[in-house]
Each structure stands twice: as structure tokens, then as C-alpha cells.
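[1] let me see the structure of the following:
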Amino acid sequence: MTKTDTGSSSATGGRDLAAELDHLHALEELRCLKHRYLRCVDTKQWDEFEACFVPEATGDYNGLVFGDRASLVDYMRTHMGEELISLHQAHHPEISIDGDRATGRWYLQDKVIVQAYQFMLEGAAIYEDRYVRTPDGWRIEHTGYQRTYEATYHLGDLPRFKLSGPGEHTHV
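    Next up, the predicted model:
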């Protein structure tokens, strides 16, 4: 099955071992980039969030459109403040790499809680991303999603709802 003299096999479609390792390394870097992007949103790490993008990056979140990185990051910094608790998880990546460019499709599950307004949103969406490899590693060139569903709740309608933060323990 394996040709030891060239390092290629039928399992890699004729690619040599170095190319296959580079491809696998790029896949892992892209997964880490998407997870860093989501973690930074939830933890409000806006400088690190900004570093996930190239300066000319664009975004389209279900019709909320951004023409560059600065406007996208500014919007998130302004509208995803400390008073807002969020959870963003991306699953089932479908990533295609072509040289120094890549595309990714991810299934998003998210939840947003704003206690001051007794508001909770949860939903799902399909992300469509474009990436570019830079001298500093992979960066997002475009990100965005289309919602598959969105549900909103008034926390007063959930009489047993209790929210605990870091260091707080809830006993059932």
C-alpha cells in the first residue's frame, strides 16, 4: 500500500508525506483559529479577537454586514460588553484548503443572556468562512452566518432559572 521510496500512498491521493503533513497542520491551525475567534467573543478579548482577521476582512451575520475588520471588531466590542454573557460553539467543520486560501463551513450553536433586560437568546446557524495564510499564520478574510433558528426568552418566564458565575456553585 505504501511506497516507501516516495512517501506517497493511495490513501493520500498521490500527495507526498510532507504535503500531507502540511495539509493536516493547516487543518488544525484553521480549527484553532475558529475556536480562538469564538472564545475571544465569549471572554471579551477584543485585541486577540481582532488578531484573528486580516485588516480587509468582511463579515455578514445574517444580514448584519461589515466592510472591514475595524468596523466588525468595534461593533462586537460595543455590543458584546461585560453585561452580556454568551456561549458560542462551532461544530462539524467542513474545511477545504487550496494553497494559501481556504474555506470553512461550521455549525454554530449559541446562547446570549442579558440579565439587565431579563433576556435570553439561543439559536443555531451555518457559518461560511474564507481564510488566507499570512506570514503570521492563517487569518479570517470573511466570516458570516445564516441562522437556521433563533429563540428568545424572557427570564421571568423561566421561574426556576438561576445563573451562576465563576466561583459560584449551585447545589441541586
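
[2] isn't Q45 right up against R39?
    Yes - assessed by CB atoms under 8 Å, Q45 is found in contact with R39 at 7.4 Å. Placement of C-beta: from N, CA and C, glycine included.

[3] mean confidence for the longest helix along the chain?
    Longest helix in the chain, counting residues (DSSP state H): helix 17-43. Helix 17-43 shows a mean pLDDT of 96.

[4] what do you get for stretch 134-148?
    Taken as a whole, stretch 134-148 has an average pLDDT of 98.

[5] what do you get for stretch 93-111?
    If you average the pLDDT values across stretch 93-111, you get 98.

[6] other residues contacting it?
    Stretch 93-111 is contacted from outside by 23, 26-27, 30-31, 34, 86-92, 120-133, 138, 145, using CB atoms under 8 Å, 6 or more residues apart in numbering.

[7] cool, stretch 44-58 as well?
    33, 36-37, 39-41, 65-70, 72-73, 76-77, 80-82, 132, 134, 139-144.

[8] got the angle for the host helix or strand of Y127 vs helix 17-43?
    Taking DSSP states H and E as the definition, Y127 sits inside strand 119-134. Counting by axes from the mean of the first three to the mean of the last three CA atoms, to 10 degrees, strand 119-134 lies at 150 degrees to helix 17-43.
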